[in-house]
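Novice: here is a sequence together with a model predicted from it:
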Amino acid sequence: LLNAVSVVGLLQQLGGQGIVFDEVLADVRIDPTAVTVSSASAVGAGLGLSLDGVYDTAARRMDFRGVVSPFYFVNGIGELLTRRGEGLVGFNYTLRGSPDAPEVGVNPLSILTPGMFREIFRRAPPQG
């Protein structure tokens, strides 16, 4: 739905392409008991995403957080002041629990915090 909000994303959806990301970057550390993702981003014309967190492979539990930035083609103009994949406006989200039944949380008020101020209020990424 978020991808369809933008004109470019809507055209991609109507063309049957689904959500298209032009660039995906991530720093990933794989240990015997955990997979730690830091500074991950996925950027497309219709949508931008960022992700940090850890997946505990032994307990099969995840603790991730990030930002979803709709209409990234326009929103991404402010990327000079924000993290890759976040843009000027975006929704903070969390993804926790088991991969079979993830608990997804979204803070709708986070769209009111401009991207350049997000780092000030961001908690430290989950550690593995």
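Specialist: Sure thing, it's come through. All of these numbers come straight from a predicted model, not from anything done at the bench. Numbering: from 1, shown residues only.
Novice: where does this protein have low pLDDT?
Specialist: 1-18, 71-87, 111-128 (pLDDT under 70).
Novice: that one: strands as residue ranges?
Specialist: 23-30, 34-43, 47-56, 61-70, 91-98, 101-107 (DSSP state E).
Novice: what sits against Ser110?
Specialist: 67, 90-92, 118 (Cβ atoms under 8 Å, 6 or more residues apart in numbering). (Glycine included, C-beta is placed from N, CA and C.)
Novice: quick one on the thing from earlier: can I get the strands of the chain in a markdown table with mean neighbour count?
Specialist: Shown next, in a markdown table, are those (neighbours: other Cβ atoms under 10 Å):
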| stretch | mean neighbour count |
| --- | --- |
| strand 23-30 | 11 |
| strand 34-43 | 18 |
| strand 47-56 | 22 |
| strand 61-70 | 21 |
| strand 91-98 | 16 |
| strand 101-107 | 10 |
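Novice: circling back: pick out the most distant pair among the contacts of Ser110.
Specialist: Distances among these were taken as Cβ to Cβ; the most separated pair is Phe91 and Arg118, at 11.0 Å.
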